[in-house]
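**Q** missing the sequence, but the structure's below:
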């Protein structure tokens, strides 16, 4: 089972038929399309949506045929000196730095580059892979699926952070682990997934 987010609402890709609920409909992925999925999720009566196929490979095949895939990479950065974590504030949400992977660019190099560009942090090193998230976004009037590879990064950087304002980033700040939990309601659901998976292990 995998979750894809659209405006904070999850689309659950599943090979098991879920219980039937009015606020959580399910559809056979083979017989859906982009317009239909978006229309259903925009309804105030719907909290989430299930897309079903008994075969996992076909489930993903049909879904990725519906939405054009864009790949991105980013990081959860821990400061070795303070044990604080790096966050950005954009579109009234606390977020993690990330960005699109360039053509022929290695995923890990893209992750480091994007974190540096969006926050001004330096001396980054990747320590391990985190989970991969999916969300649907709209650009140039078209809905696309963003797949983001996340990495845990470390740095001893103590210089000034410089948010990339041309990307709409208002703040880039170090946040204490104890405060992060209280900010979850102000985060995107896919960011909450990354945070929860890391801190709960």
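**A** That came in fine, so what should we check first? Here the structure is a predicted model, which is why all the values come from computation and not from measurement.
**Q** Residue 100 and residue 171: what is the separation?
**A** Using CB to CB, to the nearest Å, we find residue 100 at a distance of 21 Å from residue 171. Heads up, the C-betas are built off the backbone N, CA and C, glycines and all.
**Q** And for residue 192?
**A** Between residue 192 and residue 171 the computed distance is 19 Å (CB to CB).
**Q** can you check residue 14 too?
**A** Distance of residue 14 to residue 171, given as CB to CB: 37 Å.
**Q** So for those two, which sits in the more crowded spot?
**A** Legend: neighbour count by other CB atoms under 10 Å for residue 14 and residue 171, higher for residue 14 (19 against 12).
**Q** Would you mind measuring from the more buried one to residue 79?
**A** According to CB to CB, residue 14 stands 38 Å off from residue 79.
**Q** So for stretch 136-143, mean pLDDT?
**A** Mean pLDDT, stretch 136-143: 90.
**Q** Let me fix that, I meant to ask about stretch 166-180.
**A** Mean predicted lDDT for stretch 166-180 stands at 95.
**Q** Of all the residues in it, which ones are buried?
**A** Burial within stretch 166-180, assessed by neighbour count using 16 or more other CB atoms under 10 Å, is assigned to 169, 172, 174, 180.
**Q** what does stretch 155-168 give?
**A** Within stretch 155-168, the residues that count as buried by 16+ other CB under 10 Å are 155, 157, 163, 164.
**Q** TSV for those, including secondary structure and distance to residue 92?
**A** Conversion of these to TSV gives the following (DSSP: H, G, I helix; E, B strand; the rest coil; distance: CB to CB, whole Å):
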residue	secondary structure	distance to residue 92
155	strand	27
157	coil	27
163	coil	15
164	coil	17
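**Q** Tell me, how many residues neighbour the closest residue to residue 59 other than its chain neighbours?
**A** Using CB to CB, 6 or more residues apart in numbering and skipping the chain neighbours, the partner closest in space to residue 59 is residue 53 (3.8 Å). Neighbour count of residue 53, defined by other CB under 10 Å: 18.
**Q** can you check residue 59 too?
**A** 20.
**Q** And the helices in the protein?
**A** Applying DSSP state H to the chain gives helices spanning 34-42, 56-66, 107-119, 177-180, 189-199.
**Q** got these as a markdown table, with distance to residue 23 columns?
**A** Putting the helices of the chain into a markdown table (distance: least, CB to CB, whole Å) gives the following:
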| stretch | distance to residue 23 |
| --- | --- |
| helix 34-42 | 11 |
| helix 56-66 | 21 |
| helix 107-119 | 36 |
| helix 177-180 | 30 |
| helix 189-199 | 16 |
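**Q** Thank you kindly, that will do.
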